[in-house]
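Whatever this is, show me its structure:
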Amino acid sequence: MLSNALTKDESRLTYQTNTQNYSAVLSGKKKPWKDAILSKLSELTKLPFNWDSYGANSVSADKAALAYSLLNTLMRENTPLPVIVPTPSGSVQIEWHENNIDLEIEIISATQFDVSYEDLTNPTEEWEGIIGLDLAKLDEYVKELTNRTPLRIV
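A predicted model of the protein is given here:
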């Protein structure tokens, strides 16, 4: 029998299909944004087929877990929370539209992310394309977004 207990450094992503409930334990140092992100991803995985009335696929739990993993790699303590939205293909898109930066990341697969970046303060600083396992460019975009975010005192 498996234990349902989590350590202080673990989080649980639960999701369901039309016939079954699933749960995955995600480990790593507990970060302040984790609960909000896990809640949103869990909510998205509950969307049924045709959630947009145009035949959209249900959000894949695998894509939700990949989004979480990517954010766990990229986000810093002061990075603003992204907006996470479903895509008609059954994936998720992570978006920031703030601090004069527009950054959108669609999860294509475990090794591919469709990225669109625009710095509104510098019209020559925009990029669109597929990023693979080398996340250096994406990391720079998130770093710039984070650097423009005022520190929050809590």
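
Am I right that Y54 is in contact with P88?
Yes - under the criterion of Cβ atoms under 8 Å, Y54 makes contact with P88 at 6.8 Å. In short, each C-beta sits where N, CA and C put it, glycine included.

between those two, who's got more neighbours?
P88 (12 against 7; other Cβ atoms under 10 Å).

What count of nearby residues applies to the closest residue to that one other than its chain neighbours?
Nearest residue to P88 in three dimensions, chain neighbours excluded: A56, at 4.0 Å (Cβ to Cβ, 6 or more residues apart in numbering). Counted with other Cβ under 10 Å, the neighbours of A56 add up to 17.

What distance do you get for A56 to T79?
28 Å (Cβ to Cβ, to the nearest Å).

Buried ones in the longest helix seen in the chain, by neighbour count?
The residue-count maximum for a helix in the chain (DSSP state H) belongs to helix 61-74. Of all the residues in helix 61-74, those buried under the rule 16 or more other Cβ atoms under 10 Å are 61-68, 70-72, 74.
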